[in-house]
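Enquirer: kindly generate the corresponding structure for this input.
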Amino acid sequence: MSYIRGLVERLERLKRERRAVILAHNYQLPEVQDVADFVGDSLELARQAMETDADVIVFAGVRFMAEMAAALNPDRVVLHPVPEAGCPLADALLEPHVTRAREAYPGAPLLVYVNSPLWAKAVADYVVTSASAALIAGYLKNQGYDTILLAPDRNLADHVALTTGVRVVPVPGYGHCPIHEYLVSPYYVRRARDKWEERAAILVHPEAPRESRLMADFVGSTSQMLRAIQRFRDRSVVLLGTEEGLVYRARRLYPDIRVEPLNPTAVCIDMKKITLESIVDALERMKPRVTVDPSIARRAREVIEESVRLAYRLRG
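Expert: Residues are numbered from 1 along each chain as shown. Okay, here's the model as predicted:
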């Protein structure tokens, strides 16, 4: 029996014994995606966390995602195998940033990206994902708002502004995902276009810089990118401009389409900290368990649930 096979068998046994479910983000290691009960982007995982009837949720993702799952499921055990797996973008947002933005733009709705600490979700008017941010901003524009605040990703804020025509103020002005900012930069998009010319379809994430987005054939969240791949099956290759883990899932979904990373070095080290061993260990010990402040969790849950309902309604 191989080592990996032995781990998987232990994992399956522990899942049955604990009545556990494993939720994994699209950027997780291939072997983690393979054992997950559900793989998706932040919005999809939030919905699954809200709908699961499991006693235990093992969250294979970064810390803010596990905290959100715990807030949405106060009566369930949520395990985060590696608590050190954080997110530089989420950590960039501090309470004074929100306070100053509210004071500078009184009455402007605050949209908080899911890539944020739980306290920020609790003080938000809406919690958005890269898939729902433009939808909700467009909805607010139709409600008469000409300015909105969006924390903490400046590139997503710029994408929403270009898409909807509403004024979007990033909070803070420098928040960004290092992977998308530097490894899905215009340099890598131009290099790919020079190599493949029009034979390649280039799909990029809204967290990428504006110039990268403007050169792409498609801009969208990881789930939107996955759905868009089949539109470009006539191209020689589809290049995904995001964290390289998405390519594994894309290849499984579309084995007849050549899918490659725009930049194979676009690796989120924090996402890759979750391993099969860490998941098995977490289920065996029932640790590390995610705990959140009940009052903060309650308010965050209200905002998240209402925002998810609104996003799905707007999507039709």
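
Enquirer: and residue 224, what element?
Expert: Using DSSP states H and E, residue 224 maps to helix 222-228.

Enquirer: neighbouring contacts of the helix or strand just after that helix?
Expert: Going down the chain from helix 222-228, the next helix or strand is strand 237-241, by DSSP H and E. Defining contact as C-beta atoms under 8 Å, 6 or more residues apart in numbering, one finds that strand 237-241 is touched by 180, 184, 188-189, 192, 196, 199-205, 208, 212, 216, 225, 229, 232, 246-247, 250, 257-263, 266. Using the backbone N, CA and C atoms, a C-beta is placed for each residue, glycine as well.

Enquirer: quick one: average pLDDT of strand 237-241?
Expert: Per-residue pLDDT values across strand 237-241 average out to 98.

Enquirer: mind listing what's buried in that strand?
Expert: Residues of strand 237-241 classed as buried: 237-241 (neighbour count, 16 or more other C-beta atoms under 10 Å).

Enquirer: next one: stretch 204-223
Expert: Under 16+ other C-beta under 10 Å, the buried positions of stretch 204-223 are 204-209, 212-213, 215-223.

Enquirer: quick one: average confidence on it?
Expert: For stretch 204-223, mean pLDDT is 97.

Enquirer: what is the burial count for the residue nearest to residue 233 when sequence neighbours are not counted?
Expert: Using C-beta to C-beta, 6 or more residues apart in numbering and skipping the chain neighbours, the partner closest in space to residue 233 is residue 257 (5.2 Å). Neighbourhood size, residue 257 [other C-beta atoms under 10 Å]: 17.

Enquirer: could you look up the SS state of residue 257?
Expert: Under the three-state scheme (DSSP: H, G, I helix; E, B strand; the rest coil), residue 257 adopts coil.

Enquirer: for it, give me its contacts.
Expert: By C-beta under 8 Å, 6+ apart, the contact set of residue 257 is 229-230, 232-233, 238.

Enquirer: downstream of the helix or strand of the chain with the lowest mean pLDDT, the next helix or strand is which one?
Expert: One helix or strand of the chain scores below all others by mean pLDDT, DSSP states H and E: helix 42-51, with a mean of 79. The C-terminal neighbour of helix 42-51 among helices and strands, as given by DSSP H and E, is strand 56-60.

Enquirer: pull the CA atoms of that following strand into CSV?
Expert: Taking Å, rounded to 0.1, in the frame of the first residue of the first chain, the C-alpha atoms of strand 56-60 are listed here in CSV:
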residue,chain,number,x,y,z
VAL,A,56,-17.4,18.8,11.4
ILE,A,57,-16.1,21.1,8.6
VAL,A,58,-12.5,20.8,7.6
PHE,A,59,-11.5,23.9,5.7
ALA,A,60,-8.7,23.5,3.3
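
Enquirer: alright, calling it a day.
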